[in-house]
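Novice: Pasting the sequence and the predicted model now:
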Amino acid sequence: MASPTTTTASNPSSSLIPSTPNPDIVKERKTASFNTSEMTVFIDGSEQETKHRRQMEAFLLKQKLFSTNASNMSAEEEYDFSAKETVQFIRALKARGGMTIMDAVMKGRRVVTNDFLFGVHDLMFVPTIERLGTEEQQAKWAPLGKEYKILGTYAQTELGHGTYLPGLETTATYDPSTQEFIVDTPKLTSMKFWPGSLGHTANHCILMANLIIKGQNYGPHAFMLQIRSRDDHRPLAGITLGDIGTKWTHNGHGNGFLRINKVRIPRNQMLMKYAQVSPDGTYSKQGNIKMMYNTMILVRMTILTYAFIGLSKATTIAIRYSAVRRQGTLKMGHPEVQILDYQTQQQKLFPGLATAYAFNSVFKRMYAMYENCNSDIQRGDFSSLPELHGLASGLKSFMTYTSHGFIDQCRQSCGGHGFLLSGGLAGISSKFSASITYEGENSVMILQTARYLMKTLSAIQSGGQVIGSASYLASPPQQHSKISSKSDVLNFDLLMQAFEHRAYRLTMAAGQRLAGFVMQGLSQAEALGKSTIDLTKAAEAHLHFFIVASFCAEVNAVHSGLGIKEVLTTLCQLYAVYGMDRNMGDFLQDGYMNGEQTEMVHEQYLNLLAALRPNAVALVDAFDYRDEALHSVLGCYDGNAYERLFADSLSCAKNKTEVHPIYEKYLKPLMKDTQSKL
């Protein structure tokens, strides 16, 4: 595989960096048992995808928005930088032609490190118009959005309410006498709070508000609302908005607040593809109103791929650094060893590496399901939507929690150097941490999966036929593990049976607990409130099984003639066996496994760490990240971490002068005061 581009242009002391790679990193690549180029194609899905991705990444990295590390900027500087470079990028892409802005960003999303100012506009605002608007509404607003003649956001989250849509307080009350909706945020807690671009960027928004007709609440519906003038960008009458303040990261998004004081909008500004209000106030529906959530599913699908990207970047940096960092000896008088040789370091890094590959597999499966679901919807078939919603919501929670845990573990595995912004890992960790709460708080998200599982159980009990990821609930699985030797632990079928058994048992237990509370006279909501911990555990088990099954299926489909199949098998085994070893209580609790079997599992877990060791660097090389996309002195392709670290230190702003200004301002007077008293 051709080495990713290495850049030193940002370092004034680049002459410190050798022209040849670190010998340890060279040795690591020579030990690989597979062709990294073949693995890169596997990760991308096809040679064509790899080619197109690399072309788009090369184009994007010519834009400062993507090649500049903005981590040292103030919040105001970052917002200004995001606005300036996003606009320049749009102009550059229009001049290039042949691709929409969002297609370009999604194709090159692996190098999108800084905030893209119009992310919500392209990912949520325009797609919502296209999915929920009538043909007339699409013709009116979608072209304006696509050409950036109007700038939009998606205003759902409120100061006091977020993911729980029925709790939203914003109202849109229909007045048949004028054929207008009166839009209002009646309380402090009902103001919109957090939407990206809402603060000072957008002049329109898709507003989620409760539809009120003649005193009856029809629940949340989508409305087009202009919030700023298209002439001078000033807020319109009845509109109060601004930025919510400095955040830990992502200050280039311009997250904002919005208060609305009884603003009137025409009837045709309610998006009416699936729900309509006639001039006299008659409400009607056609199709499936749950299509309103389709935009959120798309966003959560996007987050799934970022869970893979964040984790694969972090493991790339940490594993490359661990291959060149030497510390301690195993034998007196011998050279210090690479820290990647320590079993404890392998435990910190290799399960995360296997998880990154597993998450790539599950995203491919989810994307195929999403495409199939949209095709079904176009034919008027909405039957696959509940499963897709349940999986996308739960995986958003499961994958972001898991990835963030491993990302920060990668940071910790690099010691003090991992804490430096120049190391890259602190930035990845802090930016990715936002995914745990944005677009659906994770505890709420995973309970969407639990609700889907409970509905599936109810359907089975009613004699219905269940297909899809939860079909295993229709019949009890094996009651005892068939593992009888250490080699059995690595058998894909036996691994999947174990995760299936765990998911089945925990889902049944949660369902029985829920039903028990209802039989005691509690309402469904009260019963759910007393069962959420067990429901969450059931959902996690279901999602874990789904990921294991997806990864096993993709690896099984790899042609045995390819050299990558053996190492992919090891990765898949490690992902599953690590999951069993970490959650062994779930497999022991009902006697599915015994003590002897658990010992076999743990022994094979340790064996798999050792088996993966010779291929570790090559496996992260296969992710194919250019140095400009990693923004890390520790994880550069050439392995010259120390030289890059020192060069970056020399370029620090505090080192512009040998004597820092604080000496004259503070230190010198202090020492003079002290000397005068001696």
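Specialist: Yes, it's here. Residues are numbered from 1 along each chain as shown.

Novice: make it CA atoms for all contacts and neighbour counts henceforth
Specialist: OK.

Novice: who touches the residue nearest to Lys247 when sequence neighbours are not counted in this structure?
Specialist: Nearest residue to Lys247, sequence neighbours excluded (CA to CA, 6 or more residues apart in numbering): Ala75, at 7.9 Å. Taking CA atoms under 8 Å, 6 or more residues apart in numbering as the contact definition, Ala75 lies against Thr246, Lys247, Asn251, Gly252.

Novice: give me the low-pLDDT residue ranges for the chain?
Specialist: The chain contains residues with pLDDT under 70 at 1-14, 65, 163, 288-290, 292, 561-562, 674-678.

Novice: the longest helix in it is where?
Specialist: Criterion DSSP state H: the longest helix present in the chain is helix 343-378.

Novice: buried ones in that helix?
Specialist: For helix 343-378, a neighbour-count test (16 or more other CA atoms under 10 Å) marks 345-367, 369-370, 373-374, 377 as buried.

Novice: host element of Gln604?
Specialist: Taking DSSP states H and E as the criterion, Gln604 maps to helix 595-612.

Novice: Report the buried members of the contacts of Ala75.
Specialist: For the contacts of Ala75, a burial check counting by 16+ other CA under 10 Å picks out Asn251, Gly252.

Novice: Would you quantify the distance from the residue nearest to Ala474 when sequence neighbours are not counted to Asp408?
Specialist: Counting by CA to CA, 6+ apart, Ala474 lies nearest to Ile460, which is 6.3 Å off, once chain neighbours are set aside. From Ile460 over to Asp408 the distance is 41 Å, taken as CA to CA, to the nearest Å.

Novice: Next: Thr295.
Specialist: 30 Å.

Novice: Need phi/psi at the residue nearest to Lys247.
Specialist: phi -60, psi -40 (degrees, to the nearest 10).

Novice: buried sites along stretch 394-406?
Specialist: For stretch 394-406, the neighbour count (16+ other CA under 10 Å) marks Gly394, Leu395, Lys396, Ser397, Phe398, Met399, Thr400, Tyr401, Thr402, Ser403, His404, Phe406 as buried.

Novice: by contact count, what packs against the helix or strand harbouring the fourth one?
Specialist: Yep, that's Ser397 we're talking about. Counting by DSSP H and E, the element that carries Ser397 is helix 385-413. In terms of contacts (3 or more CA pairs under 8 Å, 6 or more residues apart in numbering; DSSP states H and E), helix 385-413 is packed against helix 294-324, helix 343-378, helix 425-433, helix 442-461, helix 532-556.

Novice: what angle do the second one and helix 532-556 make?
Specialist: When you say that, I think you mean helix 343-378. Counting by axes from the mean of the first three to the mean of the last three CA atoms, to 10 degrees, helix 343-378 lies at 90 degrees to helix 532-556.

Novice: Are we agreed that Thr570 is in a helix?
Specialist: Yes. Thr570: assigned to a helix according to DSSP: H, G, I helix; E, B strand; the rest coil.

Novice: That one: neighbouring residues, count only.
Specialist: For Thr570, the neighbour count with other CA atoms under 10 Å is 17.

Novice: cool, the one 5 residues further on as well?
Specialist: Number of residues near Tyr575 (other CA under 10 Å) recorded here: 25.

Novice: likewise Phe34?
Specialist: There are 18 residues near Phe34, going by other CA under 10 Å.

Novice: Over to Ala553?
Specialist: Counted with other CA under 10 Å, the neighbours of Ala553 add up to 15.

Novice: Quick check: phi and psi on the nearest residue to Ile150 once chain neighbours are set aside?
Specialist: Leaving aside its sequence neighbours, Ile150 sits nearest to Leu144 (CA to CA, 6+ apart; 5.7 Å). Here is the backbone geometry of Leu144 (degrees, to the nearest 10): phi -60, psi -40.

Novice: can you check the one 4 residues further on too?
Specialist: For Tyr148, the backbone dihedrals are phi 60, psi 30 (criterion: degrees, to the nearest 10).

Novice: measure it to Leu211 for me?
Specialist: The value you get for Tyr148 to Leu211, if CA to CA is used, is 29 Å.

Novice: out of these two, which sits in the busier spot?
Specialist: Using other CA under 10 Å as the criterion, Tyr148 and Leu211 rank with Leu211 on top: 25 against 15.

Novice: Doesn't the more buried one lie inside a strand?
Specialist: Yes. Judged by three-state DSSP, Leu211 forms part of a strand.

Novice: contacting residues around it?
Specialist: Neighbour list for Leu211: Thr171, Ala172, Thr173, Tyr174, Asn217, Tyr218, Gly219, Pro220, His221 [criterion: CA under 8 Å, 6+ apart].

Novice: with these in mind, which one is nearest to Ala139?
Specialist: The nearest member of these to Ala139, counting by CA to CA, is His221 at 20.0 Å.

Novice: Next secondary structure after the helix or strand where that closest one lies?
Specialist: Element membership of His221, judged by DSSP H and E, is strand 216-226. Downstream of strand 216-226, the next assigned helix or strand under DSSP H and E is strand 239-243.

Novice: now that next one and strand 216-226, what's the angle there?
Specialist: Using the same axes, to 10 degrees: strand 239-243 against strand 216-226 is 70 degrees.

Novice: Quick check: neighbours of strand 239-243 in the sheet, parallel or antiparallel?
Specialist: strand 256-260 (antiparallel) (DSSP bridges).

Novice: Residues contacting the helix or strand just after the partner strand, please?
Specialist: Remark: after strand 256-260, the chain's next helix or strand is strand 263-266, criterion DSSP H and E. In this structure, residues lying in contact with strand 263-266 by CA under 8 Å, 6+ apart are Gln179, Glu180, Phe181, Ile182, Val183, Asp184, Leu225, Ala237, Gly238, Ile239.

Novice: Mind giving me the PyMOL select for those, buried ones only?
Specialist: Listed next is the PyMOL selection for buried residues among the contacts of strand 263-266, using 16+ other CA under 10 Å:
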select buried, resi 179+180+181+182+183+184+225+239
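
Novice: Including distance to Val601, could the contacts of strand 263-266 go into a markdown table?
Specialist: Putting the contacts of strand 263-266 into a markdown table (distance: CA to CA, whole Å) gives the following:
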| residue | distance to Val601 |
| --- | --- |
| Gln179 | 68 |
| Glu180 | 65 |
| Phe181 | 62 |
| Ile182 | 63 |
| Val183 | 59 |
| Asp184 | 59 |
| Leu225 | 57 |
| Ala237 | 66 |
| Gly238 | 64 |
| Ile239 | 61 |
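
Novice: I'd guessed Ala470 sits against Met454; true?
Specialist: No. Counting by CA atoms under 8 Å, Ala470 stays clear of Met454, with 10.3 Å between them.

Novice: Tabulate the CA atom coordinates of stretch 99-117 in PDB.
Specialist: Taking Å, rounded to 0.1, in the frame of the first residue of the first chain, the C-alpha atoms of stretch 99-117 are listed here in PDB:
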ATOM      1  CA  MET A  99     -21.200  16.300  -6.600                       C
ATOM      2  CA  THR A 100     -23.500  17.900  -4.000                       C
ATOM      3  CA  ILE A 101     -22.000  19.400  -0.800                       C
ATOM      4  CA  MET A 102     -23.400  16.800   1.500                       C
ATOM      5  CA  ASP A 103     -22.300  13.900  -0.900                       C
ATOM      6  CA  ALA A 104     -18.800  15.400  -0.800                       C
ATOM      7  CA  VAL A 105     -18.700  15.700   3.000                       C
ATOM      8  CA  MET A 106     -20.100  12.200   3.500                       C
ATOM      9  CA  LYS A 107     -17.700  10.700   0.900                       C
ATOM     10  CA  GLY A 108     -14.800  12.400   2.600                       C
ATOM     11  CA  ARG A 109     -16.100  12.400   6.100                       C
ATOM     12  CA  ARG A 110     -13.000  10.600   7.400                       C
ATOM     13  CA  VAL A 111     -11.000  13.800   7.000                       C
ATOM     14  CA  VAL A 112     -13.700  16.200   8.300                       C
ATOM     15  CA  THR A 113     -12.000  17.100  11.500                       C
ATOM     16  CA  ASN A 114     -13.300  20.700  12.000                       C
ATOM     17  CA  ASP A 115     -16.900  21.900  12.200                       C
ATOM     18  CA  PHE A 116     -18.800  22.200   8.900                       C
ATOM     19  CA  LEU A 117     -21.000  25.200   9.400                       C
END
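
Novice: All set now, cheers.
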